[in-house]
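# Pasting a predicted model and its sequence here:
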Amino acid sequence: MNNKDIESNVKLDLRVSCETFWKYEMKVIINKNDYIESDNIDKINNGCCDHCKSPTFSRLERYLCDSMISYIHEDLAINGDDEKILQLCEKSNKFHIHGHTTNSLLNNDNLIYICSHC
């Protein structure tokens, strides 16, 4: 990894906004260069409607949500909590992020909440 790669990396703090999985919080390192908006569109999304999201935002959102889902699943599996794993399988397809643009996610110093209840 060269200095340019290090400069383009950002650490994002994620938390799940969900009654069942509220305690889960994690950090994910993202290379900003992987999520540059090619058409300079950086519209804010309002959550659940995919047609309101840019393709780059959707890809970043999916990566962040999938990272959190894997993190939760691993913890539940280690602790043998099969019932919660089933609940995760039921709820995880609803995981999404709203109220952000691609740029606001990549330049965020605060917690980013992954919503599961829309």
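Okay, I see it.
# Show me what the helix ranked longest in the chain is packed against.
When the chain is parsed with DSSP state H, its longest helix is helix 55-78. In terms of contacts (3 or more Cβ pairs under 8 Å, 6 or more residues apart in numbering; DSSP states H and E), helix 55-78 is packed against strand 9-17, strand 25-31, helix 82-91, helix 102-106, strand 111-115. Placement of C-beta: from N, CA and C, glycine included.
# and the residue nearest to K84 when sequence neighbours are not counted, what is it in contact with?
Distances taken as Cβ to Cβ, 6 or more residues apart in numbering put L76 closest to K84, at 5.0 Å, once the chain neighbours are dropped. Counting by Cβ atoms under 8 Å, 6 or more residues apart in numbering, L76 makes contact with D82, K84, I85, L88.
# Just the buried ones from these, in ChimeraX syntax?
ChimeraX command restricting the contacts of L76 to the buried ones, with burial defined by 16 or more other Cβ atoms under 10 Å:
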select :84,85,88
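# Is it possible to get CSV of the contacts of L76 that adds pLDDT?
Listed next are these as CSV, based on pLDDT from 0 to 100:
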residue, pLDDT
D82, 96
K84, 96
I85, 97
L88, 96
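# remind me which residues of this structure are low pLDDT?
Residues of the chain meeting the criterion pLDDT under 70: 1-6, 37-52, 118.
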